[in-house]
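Asks: based on what follows, work out the 3D shape:
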Amino acid sequence: MTQPESFQDRKLPLRGGAGRMPALGFGTLIPDAAETRKATTTALEAGFRHFDCSERYRNEEDVGHSFREAIQAGWIQRGDLFITTKLWNNNHRPERVQPAIESSCKRLQVEYIDLYLMHTPYAFRPGDDQDPRDENDNVIYDEGITLMDTWRAMEDLVDRGLCKAIGLSDVSLEQLRQVTEQARIKPSVVQLESHPYLPETEILDFCNLNGLVMLAFAPLGHGIKPGVLADPVVLAIANRVNKTPAQVLLAWAVQRGTAILTTPKNLDRAKENFN
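Replies: Numbering: from 1, shown residues only. Just a heads-up that it's a prediction; the model follows:
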C-alpha cells in the first residue's frame, strides 16, 4: 500500500492484521493530573490519534477522562484512536498480567487496548508497590520469573480480545531477538529512545527484517547537552526548509520508517509537532 505523502496521515501496519499505528503519537508521561487532561485534550484538538500510556505513569484515569469527553462530545469515536498502554514491572507474574490490563482499560474507559507493551524486561517483586525496595534502598527483583513467562501471559490477552497487539519496550537487541524467536504471537512493536544521537540502527534493521515497528520516544533528545535541537546540521536544515528544528527531527524519524512519540503541552507546540 502506498503511504500518504502527509506525515500526519501516515499509518504503519502491524503484523498479523492487528491494526495500523499512526506514525505520530502523543506520549502521556505528564506528572500533574490537571496538566495531563489539558495536554491530552489539546493533542486531540491538534489532530493526534495515537496515544501512549502506562500504568506506571499513574495518570491513565486523567487520559481516559479526556478520551471520554471527546467521544461524548461526538468529535471522535473509539475507533479513531490508537491507544497503547504498558505493563509495569510489579505485574510480571503471569497471574497478574490480565488483571493489570483490565485495570488499565477501566482507568482509560475503553474496552480494549490497541497495543500492550511490556514496559521494561525487568520483573519486580509482585504486589501493589510499583517500586519495591529493601532496607538499603535497592530494587527488589522477582528472580522467579522470566521474560518469556510474562510474554506468554501477554499472548493470552490477544487471544481474549483484551488487546489487538503486543510488544516490548526498553529492551536490548538480544532480548528482542529471544522473544521474537520463541513467541507464539510475535512482537508487533518495540519502543525505544531514538534520535539522531541514538539512532538504534541495529534494532531498526532487525525490525525491518522481522516485520516489527520501531516506536521512538524522546525523538527530540532526552536531556542531552548540547541538545540535538541545537545541532548545527539540524539548524541548517530547518533554515533551508523553513521548518522548526523539532519538525526536522520528527520528519527524520518518520522518514526512516519509525513511529514517534512527542509530548507537547500546549496547542501551539502540539500543532508544531503534528505539522
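
Asks: contacts, neighbours, all on C-alpha from now
Replies: Noted.

Asks: low-scoring stretches of the stretch 101-250 of the chain, by residue?
Replies: 223 (pLDDT under 70).

Asks: what about the helices in the stretch 101-250 of the chain?
Replies: 147-159, 173-182, 201-210, 232-241, 245-255 (DSSP state H, counting those that start in this stretch).

Asks: distance of the residue positioned nearest the centre of the chain relative to residue 134?
Replies: Nearest to the geometric centre of the chain sits residue 52, at 4.3 Å (C-alpha atoms, centre = their mean). Distance from residue 52 to residue 134, counting by C-alpha to C-alpha, to the nearest Å: 31 Å.

Asks: ok, back up a step: got TSV for the helices of the stretch 101-250 of the chain, with mean neighbour count and distance to residue 14 too?
Replies: Below are these laid out as TSV (neighbours: other C-alpha atoms under 10 Å; distance: least, C-alpha to C-alpha, whole Å):
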stretch	mean neighbour count	distance to residue 14
helix 147-159	19	14
helix 173-182	15	14
helix 201-210	15	11
helix 232-241	14	31
helix 245-255	19	16
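
Asks: using JSON lines, please lay out these together with distance to residue 118.
Replies: Below are the helices of the stretch 101-250 of the chain laid out as JSON lines (distance: least, C-alpha to C-alpha, whole Å):
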{"stretch": "helix 147-159", "distance to residue 118": "8"}
{"stretch": "helix 173-182", "distance to residue 118": "11"}
{"stretch": "helix 201-210", "distance to residue 118": "17"}
{"stretch": "helix 232-241", "distance to residue 118": "33"}
{"stretch": "helix 245-255", "distance to residue 118": "23"}
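
Asks: which of those sits closest to residue 86?
Replies: helix 147-159 (10.8 Å; C-alpha to C-alpha).

Asks: elements contacting the closest one?
Replies: Applying 3 or more C-alpha pairs under 8 Å, 6 or more residues apart in numbering; DSSP states H and E, one finds that helix 147-159 contacts helix 94-108, strand 163-169, helix 173-182.

Asks: adding distance to residue 241, write those out as CSV.
Replies: Converted to CSV, these look like this (distance: least, C-alpha to C-alpha, whole Å):
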stretch, distance to residue 241
helix 94-108, 39
strand 163-169, 33
helix 173-182, 35
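
Asks: coming back round to it: what's the residue nearest to the centre of the chain sitting at in phi/psi?
Replies: phi -110, psi 120 (degrees, to the nearest 10).

Asks: quick revisit: and of the helices and strands packed on helix 147-159, who's closest to residue 222?
Replies: strand 163-169 (16.3 Å).

Asks: who's the closest spatial neighbour of residue 263, skipping the chain neighbours?
Replies: Spatial nearest neighbour of residue 263, excluding adjacent residues (C-alpha to C-alpha, 6 or more residues apart in numbering): residue 27 at 5.1 Å.

Asks: count of residues packed around that neighbour?
Replies: By the criterion of other C-alpha atoms under 10 Å, residue 27 has 22 neighbours.

Asks: how about residue 12, secondary structure?
Replies: strand (DSSP: H, G, I helix; E, B strand; the rest coil).

Asks: again with residue 85
Replies: strand.

Asks: who's in contact with residue 216?
Replies: Contacts for residue 216 were tallied using C-alpha atoms under 8 Å, 6 or more residues apart in numbering; they are 191-195, 253, 258-261.

Asks: possible to save these as CSV with distance to residue 95?
Replies: Output for the contacts of residue 216, formatted as CSV (distance: C-alpha to C-alpha, whole Å):
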residue, distance to residue 95
191, 24
192, 27
193, 30
194, 33
195, 36
253, 37
258, 33
259, 31
260, 32
261, 30
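
Asks: which ones are touching residue 164?
Replies: Applying C-alpha under 8 Å, 6+ apart to residue 164 gives the contacts 18-19, 112-116, 158.
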